[in-house]
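Peer 1: quick one, what's the 3D model for this:
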Amino acid sequence: MGASLPQKEANLFKLIVKSYETKQYKKGLKAADSILKKFPEHGETLSMKGLTLNCMDRKSEAYELVRQGLKNDLKSHVCWHVYGLLYRSDREYREAIKCYRNALRIDPDNIEILRDLSLLQAQMRDLTGFVETRQQLLTLKPNHRMNWIGFAVSQHLNSNSSKAIDILEAYEGTLEDDYPPENERCEHGEMLLYKISLMEECGFLERALEELYKKESKILDKLACREQEVSLLVKLGRLEEGGKLYRLLLSMNPDNYSYYEGLQKCAGLYRADEQFAWSSAVKRIPLDFLQGDKLREAAINYIRPLLTKGVPSLFSDLSPLYDHPGKADILEQLFLELEHSITATKGYPGREEKEPPSTLMWTLFLLAQHYDRRGQFDVALSKIDEAIKHTPTVIDLYSVKSRILKHAGDLTAAAALADEARCMDLADRYINSECVKRMLQADQVILAEKTAVLFTKDGDQHNNLHDMQCMWYELASGESYFRQGDLGRALKKFLAVEKHYADITEDQFDFHSYCFRKMTLRAYVEMLKFQDRLHSYPYFHKAAAGAIRCYIKLFDSPSKSATEEDDEMSELLPSQKKKLRQKQRKAEARAKKEAEVKFEESSSTSVSKSGKKPVKPVDPDPHGEKLLQVEDPLSEATKYLKLLQRNSPNSLETHILSFEVNMRKRKTLLAFQAVKQLLRLDAESPDTHRCLLRFFHEVSSMAAPATDSEKLIWTVLEAERPEISQLHEKSLLEANESFLDKHKDSLMHRAAAAEMLYVLEPSNKGMAVTLIEDSSNNLVQRNGPLGSVGEWKLKDCIAVHKLLSSVVVDLDAASRWKVRCAEYFRYSTYFEGSCSSAVPNSSYNQISSNPENGVNHPAGDISMDSLAPNGKLEAFKDLSI
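Peer 2: As a prediction, the model looks like this:
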């Protein structure tokens with residue numbers, strides 16, 4: 001580095017490098033300017049100056065200088081390395097790898113460049129290249145521990161675990177007998193555990209166990225050592241020894257569920273009540289597999305102490321039992337007996353001891369959540385109202401009542417109650433967040449934003465929520481904007497979540513070197529596996545699906561400004577159109593460059609002498625208007641669709657969206673592929689039935705194939721159709737009728753059949769409407785004392801109403817359906833049920849409509865007064881407890 005410079009300037013060049021490494025950028029710039037005064041064409045100095053400017057957020061100057069330096073000295077590995085670092089800082093990893101490889105052609109044994117290249121290869125999962133680079137590093141520096149470990153991990157990631165074991169054993173062979181020293185025992189123990197886990201992965205179980213016993217004294221993490229040992233013993237079939245070891249682990253942590261599961265594999269059902277009587281896991285686990293009277297007895301013993309203590313999360317703990325047939329009825333009988341006994345005798349059944357008054361309140365609280373889970377909202381609300389009357393100062397009661405109202409369909413009243421709960425404890429972030437979520441569900445976005453920022457730094461607006469990666473807020477906000485038809489803001493929120501996932505992916509970069517240095521190898525490999533499945537998590541799926549729906553809607557209904565612009569363009573001559581487009585592109589490029597310059601100037605001058613951080617730039621597109629100005633919305637949707645297809649292939653929604661996008665793009669085979677995936681996942685789903693019949697109906701209405709590719713597609717479809725059992729030797733109408741006969745008792749299946757009947761034959765509109773209106777809300781038989789409830793779900797009935805009003809377009813039928821559903825869902829604001837806040841005389845409609853609170857709900861129960869610092873304390877003035 002700096003070899004072509006005189007001694008004085010060469011020392012200054014070393015100072016530039018040192019200043020860059022120690023983040024003393026001004027000092028580095030000063031040294032670079034000193035060299036460039038005498039040698040203005042020196043490529044390496046120009047490159048280092050550009051790299052320094054890049055760290056000061058002056059990117060355009062940085063790229064210009066680095067390119068100029070590279071142009072002046074193409075054979076300098078420093079220039080290529082710096083160019084790669086510049087690309088790396090902008091997450092252009094593939095370009096950075098190209099630059100590093102060019103640098104290595106000039107200096108093939110440069111350790112720093114090889115190390116940087118290996119980090120990028122790990123980040124990009126170029127595992128073959130990663131193995132080669134780590135091997136080269138080990139060859140150049142075999143006395144460095146990190147190079148051995150890095151080579152072993154690279155082989156493991158490249159699915160060559162046995163080779164990784166050999167490398168680690170070879171590394172141990174280079175160590176002295178008394179290794180490790182005291183300050184490296186932890187790191188060495190982690191490496192040994194990693195090697196043993198590799199042996200287990202390869203199936204060398206006996207060898208792994210022998211190695212564990214041999215090196216046990218050198219492993220500091222005794223708990224991990226015991227867990228590894230018991231895992232090997234169980235896999236070897238030595239269940240008796242494994243059972244003893246699990247009991248030892250349980251004596252350390254008797255609330256660890258995985259230990260009980262392991263013990264159950266070793267010893268069958270094991271009664272641990274006496275040994276760990278104080279452990280909640282011992283009492284809770286049997287509820288999952290006991291039945292009948294034994295379940296009842298175990299549930300009483302588990303529930304009573306928690307009711308006495310007043311544990312609000314008790315129902316959340318019991319809720320998985322509701323998925324087991326019959327257990328919900330047993331729990332209901334038990335809860336009612338407890339309520340009756342406490343009300344009558346002030347104590348539990350069969351006990352003389354009196355319970356504190358709060359026990360009745362918590363029992364009512366539990367019953368309210370139980371009936372809410374079972375869809376009996378009237379009973380749930382009466383129980384929670386009784387609990388509130390008993391003790392009106394408990395915040396959890398208002399939160400649960402809000403949740404019940406949300407499930408019952410009264411989103412406005414739910415938001416009002418959530419706000420009331422928030423005002424009872426203004427310092428509770430969770431209750432504030434729950435209130436914000438209810439407001440967003442009620443489409444009260446402005447009010448939700450003002451409530452959310454009460455807990456952000458310095459009361460900053462929702463930019464802070466974005467910086468904190470508050471994805472639940474952005475998703476709920478995006479869904480609310482989408483419901484209100486504000487596609488720009490909805491897209492902005494959904495794409496913000498997608499950016500968070502991109503940031504999480506980038507955050508792994510620093511760990512590639514850190515984990516080798518600290519020897520946290522098992523955690524490192526787990527982290528890489530987590531990153532590989534990162535985009536399969538629900539938040540990303542929701543954000544990507546939301547963005548795709550926005551683009552589909554934008555394609556179906558392009559923005560007004562774009563349409564007007566197309567009309568104006570159509571009146572121009574081709575040459576005038578070309579000139580206008582060139583002018584627009586130049587104006588956009590000029591505006592972008594000016595914005596970059598302004599940002600660089602503000603960021604470079606806004607650091608004051610007091611050392612304050614620069615002010616964040618204002619969002620140039622707060623309403624997402626620029627996001628709507630895309631030339632091809634479907635190509636944008638396809639980007640996110642590919643991510644969903646890669647990471648959520650077993651989701652029906654993924655393939656439904658794929659069908660919708662590809663049908664609009666006229667990609668017939670891709671749409672058919674989506675239909676086949678839907679048939680694979682759930683052939684009886686109403687959505688699958690819709691897509692199947694729609695596809696073949698639209699294909700049949702296409703023009704006769706003219707080109708060779710069209711003829712080939714037609715041949716494929718003709719060959720595939722007989723293979724689909726739903727359409728085998730049937731017309732589309734016959735297939736629809738067969739589907740209806742099979743699922744005539746299901747509302748959503750009848751609605752799907754009615755929709756397809758109308759789509760296939762628009763003259764059958766009356767028959768389609770009759771088909772829906774003849775559906776009956778069958779009662780679901782239950783053993784509880786309060787009898788049966790209807791099987792129709794609120795969201796299904798809303799979907800049917802939208803089908804009647806917007807697809808079948810029969811407003812009279814939609815109106816009749818609304819009146820009918822208002823009887824079943826009395827708390828629903830959508831159907832204007834008699835008990836909902838949409839009705840003026842309803843008990844939940846206490847506050848007049850607020851125009852800020854969205855458009856879909858006529859009664860907005862929250863005013864901005866609720867955001868006052870002291871909350872709504874007037875309600876507690878006349879409170880008697």
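Peer 1: in this protein, what secondary structure element scores lowest on mean pLDDT?
Peer 2: Using mean pLDDT, DSSP states H and E, helix 560-570 stands out as the lowest-scoring helix or strand of the chain, at a mean of 55.
Peer 1: what helices or strands is the helix or strand hosting Leu198 leaning on?
Peer 2: Leu198 belongs to helix 185-202 when elements are defined using DSSP states H and E. In terms of contacts (3 or more Cβ pairs under 8 Å, 6 or more residues apart in numbering; DSSP states H and E), helix 185-202 is packed against helix 161-173, helix 205-215, helix 222-235, helix 521-532. (Each C-beta comes from the backbone N, C-alpha and C, glycine too.)
Peer 1: got the ones you listed as CSV, with mean pLDDT and distance to Glu761 columns?
Peer 2: Shown next, in CSV, are these (pLDDT from 0 to 100; distance: least, Cβ to Cβ, whole Å):
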stretch, mean pLDDT, distance to Glu761
helix 161-173, 95, 61
helix 205-215, 95, 65
helix 222-235, 96, 62
helix 521-532, 95, 49
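Peer 1: show me where the stretch 751-881 of the chain has helices.
Peer 2: For the stretch 751-881 of the chain, the helices defined by DSSP state H, counting those that start in this stretch occupy 765-773, 794-802, 811-824.
Peer 1: pLDDT below threshold where in the stretch 201-350 of the chain?
Peer 2: Scanning the stretch 201-350 of the chain for pLDDT under 70 picks out 269-274.
Peer 1: those strands in it, which residues are they?
Peer 2: Read by DSSP state E, counting those that start in this stretch, the stretch 201-350 of the chain holds no strands at all.
Peer 1: returning to what we had before: distance to Asn736 for the helices of the stretch 751-881 of the chain - can I get that in JSON lines?
Peer 2: Listed next are these as JSON lines, based on distance: least, Cβ to Cβ, whole Å:
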{"stretch": "helix 765-773", "distance to Asn736": "10"}
{"stretch": "helix 794-802", "distance to Asn736": "17"}
{"stretch": "helix 811-824", "distance to Asn736": "19"}
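Peer 1: what about the ones you listed, which gets the closest to Glu449?
Peer 2: Nearest to Glu449 among those is helix 794-802 (26.0 Å), distances taken as Cβ to Cβ.
Peer 1: what residues of the closest one count as buried?
Peer 2: Neighbour counts using 16 or more other Cβ atoms under 10 Å place Leu794, Asp796, Cys797, Ile798, Val800, His801 of helix 794-802 among the buried residues.
Peer 1: the third one contacts Ala822, correct?
Peer 2: No. Taking Cβ atoms under 8 Å as the contact criterion, Cys797 and Ala822 are not neighbours in contact, 9.9 Å apart.
Peer 1: follow-up on the earlier one: want to throw the buried residues of helix 794-802 into a markdown table with pLDDT?
Peer 2: Listed next are the buried residues of helix 794-802 as a markdown table, based on pLDDT from 0 to 100:
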| residue | pLDDT |
| --- | --- |
| Leu794 | 93 |
| Asp796 | 94 |
| Cys797 | 95 |
| Ile798 | 95 |
| Val800 | 95 |
| His801 | 95 |
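Peer 1: of those, which is the nearest to Leu65?
Peer 2: Once Cβ to Cβ is applied, the member of those that ends up nearest Leu65 is Ile798, at 59.8 Å.
Peer 1: from the chain's centre, how far out does the helix holding Leu198 sit?
Peer 2: In terms of Cα atoms, centre = their mean, to the nearest Å, the centre of helix 185-202 is found 32 Å from the chain centre.
Peer 1: in this protein, which spans are strands?
Peer 2: Secondary structure of the chain (DSSP state E): strands located at 779-780, 789-790.
Peer 1: and the residue nearest in space to the middle of the chain, how close does it get to Leu528?
Peer 2: The centroid of the chain falls nearest to Tyr539 when counting by Cα atoms, centre = their mean (2.0 Å). Noted for Tyr539: a distance of 20 Å to Leu528, by Cβ to Cβ, to the nearest Å.
Peer 1: check Lys744 too.
Peer 2: 51 Å.
Peer 1: may I see the buried residues of helix 794-802 organised as TSV, with distance to Lys98 added?
Peer 2: Formatted as TSV, the buried residues of helix 794-802 follow (distance: Cβ to Cβ, whole Å):
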residue	distance to Lys98
Leu794	56
Asp796	54
Cys797	58
Ile798	54
Val800	56
His801	57
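Peer 1: from those residues, pick the one nearest Asn54.
Peer 2: Nearest to Asn54 among those: Ile798, at 52.9 Å, using Cβ to Cβ.
Peer 1: hang on, isn't the closest one packed against Thr829?
Peer 2: No. Counting by Cβ under 8 Å, Ile798 sits too far from Thr829 to count as a contact (10.8 Å).
Peer 1: where does the chain dip in pLDDT?
Peer 2: In the chain (pLDDT under 70), the answer is 1-3, 269-274, 458-462, 559-573, 575, 577-578, 584, 586-618, 781-788, 841-881.
Peer 1: name the residues that touch stretch 305-322?
Peer 2: Taking Cβ atoms under 8 Å, 6 or more residues apart in numbering as the criterion, the residues outside stretch 305-322 that touch it are 284, 287-288, 303, 327-328, 331, 338, 355-356, 358-359, 362-363, 365-366, 369-370, 373-374, 396.
Peer 1: of those, select the buried ones using a PyMOL command.
Peer 2: Selection of buried members from those for PyMOL, criterion 16+ other Cβ under 10 Å:
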select buried, resi 284+287+303+327+328+331+338+355+358+359+362+363+365+366+369+370+373+374+396
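Peer 1: from the contacts of stretch 305-322, which land in helices?
Peer 2: 284, 303, 327-328, 331, 338, 358-359, 362-363, 365-366, 369-370, 373, 396 (DSSP state H).
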